[in-house]
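Enquirer: fold the following for me, if possible:
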Amino acid sequence: MKRRTSASILVAAVLATAWAGCAHKEEKAAENKAAEAPQPVVVTVAPIEKRSVERTIEAVGSLRGWEQVTVGSKRSGRVLKVFHDMGDRVKPDEPLVQLDPVDAQLAYNAAESRYLAELVRLGITSQMADDFVRRYGISETLVNGPQTEEVIEKVAAVVQYRLSMEKAAADLARQRNLNRKGASTTQELEDRETDYRTSIAAYDNAKSTARNIIAMALASRVNRDQQEQLLKDMTILAPQPQEAVPTKAKADDVVYAIASRSVAEGQMIKEGEAVFDMVIENPLRLWLTVPERFSDRVREGQPVRISVASHPGRTFEGKVARINPTIDSASRTFHVEAVAPNEERLLHPGGFAKAVIVTEAAADAAVVPIESVVQYAGVTKLFLLDGDKVRSIDDLVLGREGTGWVEVTSKKLPATGQVVVTGQTKLADGAKIFVRPPESAKSEASTPIEPDQPEAPKQPAPAKS
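Expert: Next comes the predicted model:
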């Protein structure tokens with residue numbers, strides 16, 4: 001009986017010891033598990049905001065004059081005088097080069113003399129001729145019209161033959177009266193009839209001759225005008241703009257700048273030979289190359305901000321004037337022409353320029369604090385608050401940037417929400433967080449606040465054997 005009691009006590013002691021050991025191990029495992037669990041990351045957050053931003057396209061290009069022309073000579077001859085040189089500014093129709101006009105002047109004088117001789121034969125003055133030409137032009141109407149008939153009737157030769165015809169008509173009438181009375185012979189009557197018909201023919205011929213003189217006078221006038229134009233062409237003038245210049249100034253204020261001079265005094269030049277290269281500096285054209293993907297965003301009239309290296313920090317305003325409707329198959333770009341006013345002459349034709357095309361002046365955009373954006377290994381993302389965890393937005397595209405903010409777009413980005421501003425470098429998708437209150441963040445910015453740690457389990461008392 002004693003042996004059985006002792007064995008039972010021994011077994012109970014062993015079981016108690018074993019149970020105590022198991023309980024200790026379980027408590028130790030729970031403690032280790034609690035210690036190994038990830039702790040929430042302390043973060044601060046800010047809301048996604050809506051802001052009105054500009055939509056722009058950056059491009060580069062070259063400046064060109066509104067018009068760039070090479071002025072040539074319409075006539076050949078010896079250069080008598082050169083009035084301007086490189087760098088001068090001249091207005092349209094201002095003299096550039098004077099060729100020797102002696103031969104042209106002589107040719108004009110000869111043509112003028114022939115023209116005046118024809119007018120003398122017609123018995124009219126040059127003023128009368130100018131009035132007719134101005135009223136009817138050089139046409140068939142001027143030669144055969146009723147207004148010309150009046151002039152022809154006053155020509156001396158025509159008047160002479162008309163009077164002869166009238167006298168012959170009177171003689172014929174008198175002879176017929178005598179013949180009816182039997183006071184004249186038939187031969188005399190026939191002679192008077194012949195004289196009358198002859199006078200009619202002479203009269204008509206005089207009128208035709210006068211009309212031919214008018215035609216010859218017109219030909220002489222045209223030749224005179226040609227020689228006059230040749231004489232004018234001996235003075236080479238600055239050209240008139242072929243296209244209206246869109247400036248605030250008057251048309252009379254359009255000015256050409258001389259880029260180069262190709263002639264010297266005393267030089268013989270040929271017809272068509274270049275004498276000056278000229279350019280209109282105000283305004284300028286800016287030819288830009290824009291990527292194909294922006295073809296649906298660029299429109300005529302959109303503002304363009306232009307910058308050049310020679311004036312750092314300064315922006316010149318322009319506008320889109322023309323858009324090439326085709327895409328360059330090699331570069332996959334299209335050309336845009338902008339007009340840039342240049343009253344101060346600070347921009348120069350041929351220069352390189354950068355431009356920003358404003359496609360939308362006030363577009364609605366989502367913006368976040370610039371500190372919330374994480375860029376690492378070519379990936380741009382931010383973390384969005386999702387309860388006590390965060391969700392990463394990893395298809396982020398950055399847009400306009402301002403003081404402390406940046407525009408963001410993403411298919412995953414909601415219209416409203418909060419993003420992590422600090423602590424995001426320690427986060428991963430789905431990580432737990434502890435949001436630091438804004439007041440604490442301001443007052444204890446230098447001392448990080450840790451979340452309350454879970455209370456460690458108490459150690460069980462060792463079992464007594």
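Enquirer: would you list every one of the strands in the stretch 251-400 of the chain?
Expert: Under the criterion DSSP state E, counting those that start in this stretch, the stretch 251-400 of the chain carries strands at the ranges 256-261, 268-269, 274-280, 284-291, 303-307, 316-323, 333-340, 352-369, 374-376, 379-386, 389-393, 397-402.
Enquirer: in a markdown table: those, plus mean pLDDT.
Expert: Listed next are these as a markdown table, based on pLDDT from 0 to 100:
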| stretch | mean pLDDT |
| --- | --- |
| strand 256-261 | 94 |
| strand 268-269 | 94 |
| strand 274-280 | 95 |
| strand 284-291 | 95 |
| strand 303-307 | 95 |
| strand 316-323 | 95 |
| strand 333-340 | 95 |
| strand 352-369 | 87 |
| strand 374-376 | 84 |
| strand 379-386 | 86 |
| strand 389-393 | 86 |
| strand 397-402 | 82 |
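Enquirer: can you put these in TSV and add distance to residue 413 and mean neighbour count?
Expert: Where you see a C-beta, it was placed from the backbone N, CA and C, and this is true even at glycine. Converted to TSV, these look like this (distance: least, CB to CB, whole Å; neighbours: other CB atoms under 10 Å):
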stretch	distance to residue 413	mean neighbour count
strand 256-261	53	19
strand 268-269	71	16
strand 274-280	50	20
strand 284-291	25	21
strand 303-307	29	19
strand 316-323	31	18
strand 333-340	31	21
strand 352-369	6	17
strand 374-376	14	12
strand 379-386	8	19
strand 389-393	6	20
strand 397-402	10	13
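Enquirer: tell me which of those strands lies nearest to residue 217.
Expert: Go through these one by one with CB to CB and the one that ends up closest to residue 217 is strand 268-269, at 35.3 Å.
Enquirer: list the contacts of that closest one.
Expert: Outside of strand 268-269, the residues that reach it under the criterion CB atoms under 8 Å, 6 or more residues apart in numbering are 73, 76, 77, 78, 79, 99, 263, 275.
Enquirer: so residue 69 touches residue 274, yeah?
Expert: No. With contacts defined as CB atoms under 8 Å, residue 69 does not count as touching residue 274, sitting 10.1 Å away.
Enquirer: overlap of the contact sets of these two?
Expert: Residues touching both residue 69 and residue 274 (CB under 8 Å, 6+ apart): none.
Enquirer: verify the stated contact: residue 98 with residue 80.
Expert: Yes. Counting by CB under 8 Å, residue 98 sits close enough to residue 80 to count as a contact (4.7 Å).
Enquirer: OK, contacts around residue 399?
Expert: Contact analysis of residue 399 by CB under 8 Å, 6+ apart lists 53, 365, 406, 407, 408, 409.
Enquirer: same thing but at 6 Å, please
Expert: residue 407 (CB atoms under 6 Å, 6 or more residues apart in numbering).
Enquirer: over to residue 237?
Expert: Residues touching residue 237, when contacts are defined by CB under 6 Å, 6+ apart, comprise 93, 95.
Enquirer: just the pLDDT for it.
Expert: At residue 237, the model reports a pLDDT of 95.
Enquirer: now it: how far from residue 276?
Expert: Counting by CB to CB, to the nearest Å, the gap between residue 237 and residue 276 amounts to 11 Å.
Enquirer: and for residue 51?
Expert: Residue 51 sits at a distance of 54 Å from residue 276 (criterion: CB to CB).
Enquirer: please apply the same query to residue 126.
Expert: According to CB to CB, residue 126 and residue 276 sit 37 Å apart.
Enquirer: got the contact list for residue 385?
Expert: Counting by CB under 6 Å, 6+ apart, residue 385 touches 45, 418.
Enquirer: how about it: which residues does it bridge to?
Expert: In this structure, residue 385 bridges to residue 390 when assessed by DSSP bridges.
Enquirer: with residue 268 instead?
Expert: When bridges are called by DSSP bridges, residue 268 pairs up with residue 78.
Enquirer: contacts for stretch 141-158?
Expert: Residues lying outside stretch 141-158 but in contact with it, judged by CB under 6 Å, 6+ apart, are 122, 123, 136, 206, 207, 210, 214, 215.
Enquirer: do the same with stretch 125-137
Expert: For stretch 125-137, the external contacting residues (CB under 6 Å, 6+ apart) are 119, 142.
Enquirer: just say helix, strand or coil for the closest residue to residue 361 other than its chain neighbours.
Expert: Setting aside the residues directly before and after it, residue 361 is nearest to residue 54 in space (CB to CB, 6 or more residues apart in numbering), at 6.0 Å. Three-state assignment for residue 54 (DSSP: H, G, I helix; E, B strand; the rest coil): strand.
Enquirer: what ranges do the strands span in the stretch 101-250 of the chain?
Expert: 235-237.
Enquirer: just for it, where's the confidence low?
Expert: Counting by pLDDT under 70, the stretch 101-250 of the chain contains low-confidence ranges at 247-250.
Enquirer: now with 90?
Expert: Low-confidence segments of the stretch 101-250 of the chain, defined by pLDDT under 90, span residues 118-158, 175, 178-186, 188-189, 206-215, 217-218, 240-250.
Enquirer: which residues in it form helices?
Expert: With DSSP state H, counting those that start in this stretch applied, the stretch 101-250 of the chain shows helices at 102-122, 126-136, 140-144, 146-153, 156-180, 186-233, listed in chain order.
Enquirer: what are the buried residues along the first one?
Expert: Residues of helix 102-122 classed as buried under the neighbour-count rule (16 or more other CB atoms under 10 Å) are 104, 107, 108, 111, 112, 115, 116, 118, 119, 121, 122.
Enquirer: likewise for the shortest one?
Expert: Applying a neighbour-count criterion of 16+ other CB under 10 Å, the buried positions in helix 140-144 are residue 142.
Enquirer: so how far is it from its chain's centroid?
Expert: 49 Å (CA atoms, centre = their mean, to the nearest Å).
Enquirer: pull it out as CSV, backbone CA atoms only.
Expert: Written as CSV, here are the backbone C-alpha positions of helix 140-144 (Å, rounded to 0.1, in the frame of the first residue of the first chain):
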residue,chain,number,x,y,z
GLU,A,140,-10.3,98.0,-129.1
THR,A,141,-13.0,100.2,-127.7
LEU,A,142,-10.5,103.0,-127.6
VAL,A,143,-9.8,102.6,-131.3
ASN,A,144,-13.3,102.0,-132.7
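Enquirer: thanks a lot, see you next time.
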